[in-house]
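Novice: just coords:
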């Protein structure tokens, strides 16, 4: 069973995987930076908001919260787009791997048929040789 996995892993188009790895890593780093930066900004903003809200009228406070909510929605949309790009690249790599596995499966089937035919030929040669 482990030998089968080794064979499959040997047939993976590692050059394509390695070629696309920097793109995936870059997308992941951008996503991580955006998420981590947003967390610290939200914390700093919430501390400052408590002081400001005490001094402003209720209407101004609602308008400010609405603006911040819209800003957070825009950040979430940006993160969603980045996540979508990373998922798209991973899906493309997955499709390449599946395609290569299918090619390998067909090659193994052909090789199995060739080996079976060679075995039949070897048996007939042996029978013909010893029948004489």
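Specialist: Happy to help now that I have it. None of the values given here were measured: they were computed from a predicted structure.
Novice: what about the residue nearest the centre of the chain, distance to residue 113?
Specialist: Nearest residue to the geometric centre of the chain (CA atoms, centre = their mean): residue 90, 2.9 Å. Distance from residue 90 to residue 113, counting by CB to CB, to the nearest Å: 35 Å. The C-beta positions use only the backbone N, C-alpha and C, and glycine is treated the same way.
Novice: also residue 100?
Specialist: Residue 100 is 21 Å from residue 113, by CB to CB.
Novice: between these two, which is the more surrounded one?
Specialist: Higher neighbour count among residue 100 and residue 113: residue 100, with 16 against 10, using other CB atoms under 10 Å.
Novice: low-confidence ranges in this structure?
Specialist: Scanning the chain for pLDDT under 70 picks out 1-6, 8-9, 12, 14, 17-18, 21, 28, 35-56.
Novice: can you point me to the longest helix in it?
Specialist: Counting by DSSP state H, the longest helix found in the chain is helix 58-131.
Novice: residues near the nearest residue to the residue nearest to the centre of the chain once chain neighbours are set aside, how many?
Specialist: Take residue 90 and drop its neighbours on the chain: the residue closest to it by CB to CB, 6 or more residues apart in numbering is residue 24, 6.5 Å away. Counted by other CB under 10 Å, the residues lying close to residue 24 total 17.
Novice: how about residue 123?
Specialist: 10.
Novice: residue 27 too?
Specialist: Residue 27: 19 neighbours (other CB under 10 Å).
Novice: contacts only, for it.
Specialist: 82, 85-86, 89 (CB atoms under 8 Å, 6 or more residues apart in numbering).
Novice: report the secondary structure state of it.
Specialist: helix (DSSP: H, G, I helix; E, B strand; the rest coil).
Novice: circling back: let's have the contacts of residue 27 in CSV, adding neighbour count and distance to residue 20.
Specialist: Formatted as CSV, the contacts of residue 27 follow (neighbours: other CB atoms under 10 Å; distance: CB to CB, whole Å):
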residue, neighbour count, distance to residue 20
82, 18, 16
85, 16, 12
86, 17, 11
89, 17, 6
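Novice: thank you, goodbye.
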